[in-house]
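Here is my input; please provide its structure:
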Amino acid sequence: MTTKDDRLEFEAHKREMSLALGKDEASFQQSLNTLIGLDKFDYFYLWSWMGVPIIQLPADILATQEVIWATKPDVIIETGVARGGSLIFMASILAAMGNDKAKVIGVDIDIRAHNRESIESHPMSNRIKMIQGGSVDDDVLAAVKAEIPPGARVMVVLDSDHSYEHVLAECRAYGPLVSEGCYLVVADTLIGHLTEEQAFTKRSKVWLRGNEPLQAVTDYLAETDRFEVDPVLNGKLVLSSSPGGYCVCRKA
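Numbering: from 1, shown residues only. The predicted model follows:
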């Protein structure tokens, strides 16, 4: 007895449900309220990847994995190293895909010694290059570009200073590096959906609506025709810190 090959049908259903979920404001508000409630437990900080704190929500980890697998970048640039788990995570996905030359470039204005040690002593360290300095400084941008081989497919994740001006400057600086078909991921767009009363306060800085990544990426997309928000991927990004932040590059 043979069973029906329903793989295409299954994927079509996933797409349909993702788009429907993206239009369901009640579900989004419910997820938003859940995350606001979880913040008192430092929920965003409770996860690790291969032994290193990742400071990402599970939904965003899965979304980023889907993007990397589907687009197969040779180079992933991430601004904002923090404790290093995200670099380790993306490097491990590249390693699992079998591209021996693929790497992750981590940029941060302050890579602390203990975090650097965690990254450099990790089995994935041979796929990671760290650059310390301001992410939009000319010398740092030059150093990043020098790490990109000719013809490499490039993906970018922006997760450093979340102020509007800085994120917009990063979009303008790093957006042009993204290859056609790859993604520009602007993290922590969730902040733009919070009222002042809902804002996460257990942070080194408190960002309020308007001075945050969602407004920055919205304005960046208005000034370029290279990117568009992926409606399917972002549609299912509830319980996410970056809804609306996954932008696919449509033009070389």
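
The stretch of helix or strand N115 belongs to: what's the following helix or strand?
Here N115 sits within helix 113-120, counting by DSSP states H and E. Proceeding C-terminally, helix 113-120 gives way to strand 128-132 as the next helix or strand, assigned by DSSP H and E.

What residues of the helix or strand that that next one is followed by count as buried?
Later in the chain than strand 128-132, the nearest helix or strand by DSSP H and E is helix 138-146. Across helix 138-146, burial judged by 16 or more other CB atoms under 10 Å covers V140, L141, A143, V144. The C-beta positions use only the backbone N, C-alpha and C, and glycine is treated the same way.

do stretch 81-97 as well
For stretch 81-97, by 16+ other CB under 10 Å, it's 81-94.

Distance from whichever strand or helix holds C247 to the middle of the chain?
For C247, the host element (DSSP H and E) is strand 246-249. What separates the centre of strand 246-249 from the centre of its chain is 10 Å, taken as CA atoms, centre = their mean, to the nearest Å.

can you check stretch 244-252 too?
Centroid separation for stretch 244-252 versus its chain: 12 Å, with CA atoms, centre = their mean.

Ok, stretch 162-170 next?
In terms of CA atoms, centre = their mean, the centre of stretch 162-170 is found 15 Å from the chain centre.

Need the contact partners of it.
Stretch 162-170 has contacts (CB atoms under 8 Å, 6 or more residues apart in numbering) with 79, 135-136, 158, 160-161, 186, 188, 191, 205, 207, 210-213, 215-217, 219-220.

got the buried residues of stretch 81-97 as JSON lines, with secondary structure and pLDDT columns?
JSON lines is the format used below for the buried residues of stretch 81-97 (DSSP: H, G, I helix; E, B strand; the rest coil; pLDDT from 0 to 100):
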{"residue": "V81", "secondary structure": "coil", "pLDDT": "97"}
{"residue": "A82", "secondary structure": "coil", "pLDDT": "95"}
{"residue": "R83", "secondary structure": "coil", "pLDDT": "97"}
{"residue": "G84", "secondary structure": "coil", "pLDDT": "97"}
{"residue": "G85", "secondary structure": "helix", "pLDDT": "98"}
{"residue": "S86", "secondary structure": "helix", "pLDDT": "98"}
{"residue": "L87", "secondary structure": "helix", "pLDDT": "98"}
{"residue": "I88", "secondary structure": "helix", "pLDDT": "99"}
{"residue": "F89", "secondary structure": "helix", "pLDDT": "99"}
{"residue": "M90", "secondary structure": "helix", "pLDDT": "99"}
{"residue": "A91", "secondary structure": "helix", "pLDDT": "98"}
{"residue": "S92", "secondary structure": "helix", "pLDDT": "98"}
{"residue": "I93", "secondary structure": "helix", "pLDDT": "98"}
{"residue": "L94", "secondary structure": "helix", "pLDDT": "98"}
